[in-house]
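# Okay, structure incoming, though there's no sequence with it:
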């Protein structure tokens, strides 16, 4: 009679804690897999360029532009405001009326800004920012004909950036 009463006391499998405990690990892995899939589809890192070979060939042009900036003894300083940018440029020769300033995010091309700055007085240029600049940026300044280039780096919300031939 004791065997019959013992068989009546056996609980169904879903009432036992061990199957649920054993299923918890694989269930968490499946949920983490779906989260990883969603992140991979939703966010584009943009780190790989389609034209990497052409960009590699363009390095020689960039080096010649830095050499040209050194020959002209160009140097500059960028001051970032909330919605404006002020640039002070010095060098030998006649400075152009309009310059191109690029604020490049190191990893996300969508956060890049390209703007034209215009001379307000000799050696002083001003322009308008499309959005406030936060975080690290590579700052590049060039003339409209792309014959010379200056560059600098803004780290952690720096307001003043020195530009040198690079």
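Right, received. Where do you want to start? Because the structure is predicted, anything quoted here is derived from the model rather than measured.
# Let me see the ranges of the helices in this structure.
Here the chain has its helices, by DSSP state H, at 2-9, 17-42, 52-57, 59-71.
# Just send the ones you listed back as JSON lines, with mean pLDDT and mean neighbour count too.
Every residue, glycine included, has its C-beta placed from N, CA and C. Output for those, formatted as JSON lines (pLDDT from 0 to 100; neighbours: other Cβ atoms under 10 Å):
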{"stretch": "helix 2-9", "mean pLDDT": "62", "mean neighbour count": "7"}
{"stretch": "helix 17-42", "mean pLDDT": "94", "mean neighbour count": "10"}
{"stretch": "helix 52-57", "mean pLDDT": "71", "mean neighbour count": "10"}
{"stretch": "helix 59-71", "mean pLDDT": "80", "mean neighbour count": "15"}
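# so which of those helices comes closest to residue 91?
Closest approach to residue 91 among the helices of the chain (Cβ to Cβ): helix 59-71, 7.9 Å.
# outside of that closest one, which residues touch it?
Residues outside helix 59-71 that contact it (Cβ atoms under 8 Å, 6 or more residues apart in numbering) are 91, 142, 146, 147, 148, 149, 150, 151, 165, 166.
# Would you mind checking which of those is nearest to residue 135?
Lowest distance from residue 135 to the contacts of helix 59-71 (Cβ to Cβ) belongs to residue 151, with 17.3 Å.
# which residues does residue 30 contact?
Residues near residue 30 by Cβ under 8 Å, 6+ apart: none.
# any idea which of the contacts of helix 59-71 is closest to residue 33?
residue 151 (42.2 Å).
# ok, and the closest non-adjacent residue to the closest one?
Spatial nearest neighbour of residue 151, excluding adjacent residues (Cβ to Cβ, 6 or more residues apart in numbering): residue 166 at 4.1 Å.
# For residue 31, give its distance to residue 42.
16 Å (Cβ to Cβ, to the nearest Å).
# same for the longest strand seen in the chain, what does it pack against?
If you go by DSSP state E, the chain has its longest strand at strand 113-121. The contact analysis (3 or more Cβ pairs under 8 Å, 6 or more residues apart in numbering; DSSP states H and E) places strand 113-121 against strand 84-90, strand 98-104, strand 124-128.
# circling back to that earlier point, and the two most separated of the contacts of helix 59-71?
Largest pairwise distance in those, by Cβ to Cβ, is 16.3 Å, between 91 and 146.
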